[in-house]
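Participant: Have a look; sequence and predicted model below, questions after that.
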Amino acid sequence: EPSAEERRFAEIIEADSRIEPRDWMPEAYRKTLIRQISQHAHSEIIGMQPESNWITRAPSLKRKAILIAKVQDEAGHGLYLYSAAQTLGIGREEMNEQLLAGKARYSSIFNYHTPSWADMGAIGWLVDGAAICNQVPLCRASYGPYGRAMVRICKEESFHQRQGFEILLELMQGTPAQREMAQDSVNRWYWPSLMMFGPPDDESPNSAQSMAWKIKRFSNDELRQRFVGMLVPQAEALGVTLPDPELKWNEEKQAYDMSEIDWTEFQEVLAGRGPANAERMRRRREAHEDGAWVREAAAAYARTQAERKAV
Ligand code: 3HC
């Protein structure tokens, strides 16, 4: 016989309403939210690295300013999401330790290198495009702080995607070498951006429960399909080809048929054996060390402030 709390929780979920930090929630609900939100936050923080690689080499002041703003936004998204996770009872330091120890997941997509400027376009258009597809439904996640964090983040992501599209458009309207650079970048980022949505539905252990609790609103494959459907006309507008010879509209399915995704690559990246996993973690640990003095100074300042108030 469910308890009054369990019935209350079920009613709130059923009514498509919000669970707030002070509400009773099943421990497994709290646990899966800490898992997903902390991983989402780690993704934003690690996600700053591929793009910051080009801040000092952007081709114009305008591009440099936009890239700095975007990377700064990603940092803010990370802090926003760590705060949302903290409302569930996990500390910021604990989450950070998990990441630094290599025990925490972050999005597979950030374990690829960015060898050319065109990657700044492909990341904005494809990676932020995929992130938007995944994050818009999360605005309606049943856990209040997570859904509300997503609203703010999605607004900034649409700017991220548009500036990426614009970079590629400018390159595609440029010299043959620039067109070649843009197409090469799309070829390298297309499949990894499809993997961002997670494993196929029949190999997604968290989906059923996450959808029952209205954290996940659409399945991994549904969002992947929606994303590809969005990309095709945009690729035509850009003049780039999506690197999938089997990509074809299926009238009956009302969706695109596509080649099989290379899930061994996905599993390799998740196992820490992607092209840039080691580099991303090394850089994160270095940045944490380099930032120690700032944390100590801030803590010392806070202590003197508190002492001053106490007298
Ligand atoms: N990268 C790394 N791990 C992934 C992954 C990916 N792309 N896709 C799935 N996984 C992991 C899951 O975390 C899970 O492992 P866990 O149980 O140890 O956490 C396992 O693979 C099985 O996947 P499931 O489908 O069962 O897991 P979920 O139900 O959690 O679905 C998800 C995966 C769709 C990524 C979901 O967690 C989610 O929507 N997360 C929030 C969105 C997010 O993290 N986005 C990051 C995008 S990058 C970003 O936002 C930055 C942008 O601004 C550029």
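Facilitator: Yep, it's here.
Participant: Which residues of the stretch 151-300 of the chain lie near the ligand?
Facilitator: Contacts of the stretch 151-300 of the chain with the ligand, taken as Cβ under 6 Å from any ligand atom, map to 157, 195-199, 204-207, 210, 216, 220, 270. C-betas here are computed from N, CA, C, even on glycine.
Participant: Can I get those residues in CSV including distance to residue 260?
Facilitator: Below are these laid out as CSV (distance: Cβ to Cβ, whole Å):
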residue, distance to residue 260
157, 28
195, 12
196, 17
197, 15
198, 16
199, 13
204, 16
205, 20
206, 22
207, 20
210, 24
216, 23
220, 15
270, 18
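Participant: and the longest helix seen in the chain, average pLDDT?
Facilitator: When the chain is parsed with DSSP state H, its longest helix is helix 144-172. Helix 144-172 carries an average pLDDT of 96.
Participant: Also stretch 105-120?
Facilitator: The average pLDDT within stretch 105-120 is 98.
Participant: Any part of that stretch near the ligand?
Facilitator: Yes. Using Cβ under 6 Å from any ligand atom, stretch 105-120 comes into contact with the ligand via 105, 107-108.
Participant: Narrow those to those that are buried.
Facilitator: 105, 107-108 (16 or more other Cβ atoms under 10 Å).
Participant: closest to residue 33 among the residues of the stretch 151-300 of the chain next to the ligand?
Facilitator: Nearest to residue 33 among these, counting by Cβ to Cβ, is residue 210 at 9.4 Å.
Participant: if you skip the residues just before and after it, what's nearest to the closest one?
Facilitator: residue 216 (3.9 Å; Cβ to Cβ, 6 or more residues apart in numbering).
Participant: tell me the phi and psi of that neighbour?
Facilitator: Torsion angles at residue 216 (phi, psi; degrees, to the nearest 10) stand at phi -90, psi 120.
Participant: do residue 19 as well
Facilitator: Here is the backbone geometry of residue 19 (degrees, to the nearest 10): phi -90, psi 130.
Participant: where does it land on pLDDT?
Facilitator: Predicted confidence (pLDDT) for residue 19: 98.
Participant: any idea how far it is from the ligand?
Facilitator: Distance of residue 19 to the ligand, computed by Cβ to the nearest ligand atom, to the nearest Å: 17 Å.
Participant: Which residues are in contact with that residue?
Facilitator: Counting by Cβ atoms under 8 Å, 6 or more residues apart in numbering, residue 19 touches 9, 12-13, 25, 29, 142-144.
Participant: residue ranges for the strands of the stretch 201-311 of the chain, please.
Facilitator: With DSSP state E, counting those that start in this stretch as the definition, the stretch 201-311 of the chain shows strands at residue ranges 248-250, 255-257.
Participant: Given the first one, what are its sheet partners and their directions?
Facilitator: Each strand paired with strand 248-250, and its direction, by DSSP bridges: strand 255-257 (antiparallel).
Participant: List the buried residues for the partner strand?
Facilitator: Buried-residue list, strand 255-257, by 16+ other Cβ under 10 Å: 255-256.
Participant: quick one: that strand to chain centroid distance?
Facilitator: 24 Å (Cα atoms, centre = their mean, to the nearest Å).
Participant: contacts for it?
Facilitator: By Cβ under 8 Å, 6+ apart, the residues outside strand 255-257 that reach it are 225, 228-229, 232, 246-250.
Participant: one more time with 10 Å
Facilitator: 221-222, 224-226, 228-229, 231-232, 242, 244, 246-250 (Cβ atoms under 10 Å, 6 or more residues apart in numbering).
Participant: When you filter the residues of the stretch 151-300 of the chain next to the ligand down to buried only, what's left?
Facilitator: The neighbour count (16+ other Cβ under 10 Å) marks 157, 195-199, 204, 207, 210, 216, 220 as buried among those.
Participant: Just name the closest of the contacts of residue 19 to the ligand, please.
Facilitator: residue 143 (12.1 Å; Cβ to the nearest ligand atom).
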